[in-house]
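>>> Build me a model:
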Amino acid sequence: MRHEDIINTCVEHKHALIFAAGIATALIGAKVVKSKAFKETTTKGMAAVMSAKRDAEECFQDMKENAEDIVVDANAETKKEIYVESKE
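Residues are numbered from 1 along each chain as shown. Below you'll find the predicted structure:
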């Protein structure tokens, strides 16, 4: 068969070829997902995400506590100024 004949046959049966390619992709994908290397990689990735989440939560908690301290200090200073002004 010539190249032109092969190409014409492929063009005529493109839907069948697309279907076959889809099945091949599904079979290969299933093998990849079931592989030990894939599971190890995804487990390490999940551990990294969980670690980053924990770090972000700790950072957020620190920022929240610092902001609360600033508010308390500002309120105390305001009350002190009001008390000093009212005495005068």
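
>>> For Ala21, the count of nearby residues, please.
For Ala21, the number of neighbouring residues by other CB atoms under 10 Å comes to 10. Where C-beta positions appear, they are placed from N, C-alpha and C, glycine not excepted.

>>> right, I mislabeled it, should have said Cys10
When counting by other CB under 10 Å, one arrives at 11 neighbours for Cys10.

>>> which non-adjacent residue is nearest it?
Setting aside the residues directly before and after it, Cys10 is nearest to Leu17 in space (CB to CB, 6 or more residues apart in numbering), at 6.2 Å.

>>> from the chain's centre, how far out does the helix or strand where the one you found lies sit?
Assigned by DSSP states H and E, Leu17 belongs to helix 14-34. Distance, stretch centre to chain centre, for helix 14-34: 27 Å (CA atoms, centre = their mean, to the nearest Å).

>>> for the record, mean pLDDT for it?
Averaging pLDDT along helix 14-34 yields 89.

>>> longest helix anywhere in the protein?
If you go by DSSP state H, the chain has its longest helix at helix 36-87.

>>> mind checking how far that one is from the chain centre?
With CA atoms, centre = their mean, you get 21 Å for helix 36-87.

>>> I'd like to check the angle between it and helix 14-34, please.
Interaxial angle, helix 36-87 versus helix 14-34 (axes from the mean of the first three to the mean of the last three CA atoms, to 10 degrees): 70 degrees.

>>> Isn't Phe38 up against Gly29?
No: checked against CB atoms under 8 Å, the pair Phe38 and Gly29 is beyond contact range at 10.2 Å.
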